[in-house]
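Visitor: Next one to model:
(2 chains)
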Amino acid sequence: MPEIAFISELSAFRNRIMEKRNELKGTIAICGGTGCQSSSSLKVIAALMEELEAQGLAETVHVRPTGCHGFCEQGPIMVVEPDGIFYCHVGVDDIAEIISETIRKGEAIDRLLYTDPVTGRKIKTESEIPFYVKQKRQLLAQNRRLNPKSIEDYIALGGYSALAQALNGMEAGTILKEVIASGLRGRGGGGFPTGRKWKECQEAPGEEKYVVCNADEGDPGAYMDRCLLEGNPHSVLEGMMLGAIAVGAQHGYVYVRNEYPLAVEHAKKAVEQAREAGLLGEAILGSSFNFDIDVARGGGAFVCGESTALMASLEGRVGEPRPKDVHTVVEGLWNKPTVLNNVETWANIPAIILKGSDWYSAQGSNGSKGTKILALTGQVKNTGLVEVEMGTPIKTVVFDIGGGSATGKPIKAVQTGGPSGGCLPTYKFDLPVDFDALYDAGSMVGSGGMVVMDEDTCMVDVAKYFLTFLQDESCGKCVPCRLGIDRMLEIVTRISDGGGKPEDIDLMEDLAFTMKETALCGLGKTAANPVLSTLKYFRDEYEAHINGRKCPAGVCQALITYVVDGEKCNGCGRCLRACPHNSIIGEKKKVHRIDAELCKKCGICRSVCEFDAIHTI
Amino acid sequence: MKPQSIESLLEGRRSQPHQLIEVLQDVQKQYGYISEEAMRMISGELGVPLMDVYSVVSFYKAFHMKPRGKNIITLCTGTACHVRGAKLLLNQATGQLGVDPGNVTEDGLFTIEHVNCLGACALGPVVTENGSSYHHMTPGKLRKLINGLRDREEEKATNA
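Guide: Numbering: from 1, shown residues only, chains lettered A, B, ... in the order given. Got it, this is the predicted structure:
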């Protein structure tokens, strides 16, 4: 990678890359993201390279290991260009045929195409697959077009043009105005207007300023930031560079979760490449702009997603939040003015500068502009990352894109916004994915997690799950959060154990109000949301636990007993072998029974029974 | 493979207190835990009071102060994995190995851990074992995975 010393050299450099690429016969893009890697995509990539080499095609066919394509359920995913043939569940054994049929003859292999679960039709390209049809993949679509470890790929796609444009006489104030006018709001959870944050930082006194990328994606059930940083790290860096020009920062940090090793690796690699190319460092592209970025790893603390805690952690300290009477845009990292945005927010910036704020603000709803990436997971057919225009109704996401229930059982709720969000019932599915609309309904867009739950999910158990998570993750600094979560968990546990009292519901609502008003940081203020939203929409389930001592979904262990249905059990012995607690007794071909003393009520026996012979009472 | 010495991990980071977490991450990765001796040394070399090193080590989940099992089985208990039965897996692992999460089995071979999200939510429930990850896990598959690891260790022991 040669250094690009002047703004004018960038486009010449891009043309040279494109010329080389035009000579290629075809490109095979294979997802090498974390999801597909766990489906052995690395083995497929290695086998493909080997076979191309053996057949003398290594020079003419370009293999591109890419970041996540979003449709993780179908991995490993492969897209063969120029026709864009989309293959799913590709294995090492399929490689020879792909080369002989698709690469050499341009024919699609039926077996590897995606099958529409509704019509049974085989679908040839990504754009026709229902999962992708209703999406607007502005950010995610880039992933399959580039190798995240190649800065050339990013530049070939027009990358760093926004930086060049900004350095080519655009004033810091103009960048700021564009971001404000775009209406972009923070994608990390809070939904704070990005431009306003930048402006406050730009206006803050002091020469030394910082920009920070929050890639400490701690929300369980959300992974869009991992996917962006892993799949297109240069777009995040370019966004940070533009932010740095706008606010006058000289240094940036990417704070990334250590649980995302691939994202750490790709971010570090991208920084190195950008330095080599002269896009980071002194006098970038021959201008007077000096800026550098470092990548720092988090220590696995959910609270470090909070701005002040993250900055403490970057300084090498315990990640505890501080009161925000002085904002971090004025006194942030090392007490200097700091802009902190999450990965998805930064990744939106280059296009806003390049295409203009009018283009951006024309998309989305009134108060929420642009697109949002959602992590659609849980009991839904098509799981993966989904990018939709803001304002798209939840039902479009769950039913049209997600394909509805995966289990055949009716869907009961969707949990949005992670531990600070809430559960929305199906009759609220007309609500749009919009910061304000979901907030008003008692949940939030948050970072974009969307966990679909079917009838077998107990809402009291869900509340207990989130409280357990939050109790574990509360830093313990302020009393309302530390003790409030403790007491709430105690009460919910009592309810799920069958010892709940009718007044418990009022008590929890009271506690929730106190926490919201008095906790130090966002984590504590919103910690009661999972409880409040389930109480609001699924109060009958709480009442069934309290008054009837019953768990309608058959989940809460103290309220259920596992029994074997003598009519259905044929003594196959599967449950007996599967039970890790040795609590099933029975002889071959005779009806088995469960020893209530030893049974831990985990439900493994039910999950393995093929005859529907084990149920709860 | 012999772990890199703490001295070499401190290279280029001495007297830079803000490098504390980065250094600890590397020590954790090389040694599997952070010993008192390591903490004392890091404290001196970075110029961070030992008390602060200890508070950082005990605050972040990434750091362990005791040695862990030879095989680390990490169960994701994020929301998406939770609604798809991560609890069953936890029961399978604890029941089969007879040890609670975070502790080491008597033979020193296994530690079960849970993590709040591995970010592979679409493929849940997810389990990782010594860096390899497994998706759509079931109690049965986990049982076989653990048995396979145990067989491998026993084979190693007989060959040694």
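
Visitor: Number of residues surrounding the residue in the stretch 1-150 of chain A positioned nearest to chain B?
Guide: Nearest residue of the stretch 1-150 of chain A to chain B (Cβ to the nearest Cβ) works out as A:Cys72 at 3.6 Å. Where C-beta positions appear, they are placed from N, C-alpha and C, glycine not excepted. Counted with other Cβ atoms under 10 Å in any protein chain shown, residues neighbouring A:Cys72 total 29.

Visitor: domains for chain B, by residue range?
Guide: Domains of chain B are assigned by automatic domain parsing as B:6-59, B:71-159.

Visitor: Chain A: which of those domains is closest?
Guide: domain B:71-159 (2.8 Å).

Visitor: Show the end-to-end separation of that closest one, please.
Guide: In domain B:71-159, first residue to last residue: 19 Å (Cα to Cα, to the nearest Å).

Visitor: what about the helices in chain B?
Guide: B:6-10, B:20-31, B:36-46, B:50-59, B:79-83, B:86-97, B:139-159 (DSSP state H).

Visitor: who does the least confident helix or strand in chain A by mean pLDDT touch, helix- and strand-wise?
Guide: When each helix and strand of chain A is scored by mean pLDDT, DSSP states H and E, helix A:34-38 comes last, with a mean of 82. Applying 3 or more Cβ pairs under 8 Å, 6 or more residues apart in numbering or on different chains; DSSP states H and E, we find helix A:34-38 packed against strand B:132-134.

Visitor: buried ones in the strand it packs on?
Guide: Burial within strand B:132-134, assessed by neighbour count using 16 or more other Cβ atoms under 10 Å in any protein chain shown, is assigned to B:Ser133, B:Tyr134.

Visitor: hmm, who's touching that strand?
Guide: If you take Cβ atoms under 8 Å, 6 or more residues apart in numbering or on different chains as the criterion, strand B:132-134 is touched by A:Thr34, A:Gln37, A:Ser38, B:Leu118, B:Ala120, B:Val126, B:Val127, B:Thr128, B:Lys141, B:Leu145.

Visitor: So is stretch A:188-206 next to chain B?
Guide: No: with Cβ under 8 Å from any Cβ of the partner chain as the criterion, chain B is not reached by stretch A:188-206; the gap is at least 14.5 Å.

Visitor: In that stretch, which residues are buried?
Guide: A:188-191, A:193-195, A:197-202, A:204.

Visitor: Just name the closest of these to A:Leu376, please.
Guide: Nearest to A:Leu376 among those is A:Gly189, at 17.6 Å by Cβ to Cβ.

Visitor: The nearest residue to that closest one once chain neighbours are set aside: neighbour count?
Guide: With sequence-adjacent residues excluded and distances taken as Cβ to Cβ, 6 or more residues apart in numbering or on different chains, A:Gly189 is closest to A:Gly446, at 4.7 Å. Using other Cβ under 10 Å, the number of residues around A:Gly446 comes to 28.

Visitor: repeat for B:Lys156
Guide: By other Cβ under 10 Å, the residues close to B:Lys156 number 10.

Visitor: so what's the spatially most central residue of chain B scoring on pLDDT?
Guide: Taking Cα atoms, centre = their mean, the centroid of chain B lies closest to B:Ile72, which sits 5.8 Å from it. Here the pLDDT value assigned to B:Ile72 is 93.

Visitor: Distance of the closest residue in space to A:Lys369 that isn't next to it in sequence relative to chain B?
Guide: Counting by Cβ to Cβ, 6+ apart, A:Lys369 lies nearest to A:Gly183, which is 3.8 Å off, once chain neighbours are set aside. Between A:Gly183 and chain B the computed distance is 28 Å (Cβ to the nearest Cβ, to the nearest Å).

Visitor: Do I have it right that A:Gly183 meets A:Tyr360?
Guide: Yes: between A:Gly183 and A:Tyr360 there is a contact under Cβ atoms under 8 Å: 7.2 Å.

Visitor: quick one on the thing from earlier: which among the domains of chain B is found nearest to A:Tyr223?
Guide: Of all the domains of chain B, domain B:71-159 comes closest under Cβ to Cβ, at 3.6 Å.

Visitor: looking only at pLDDT, what's the mean for the helix or strand that contains A:Leu532?
Guide: Counting by DSSP states H and E, the element that carries A:Leu532 is helix A:529-537. Averaged across helix A:529-537, pLDDT comes to 95.
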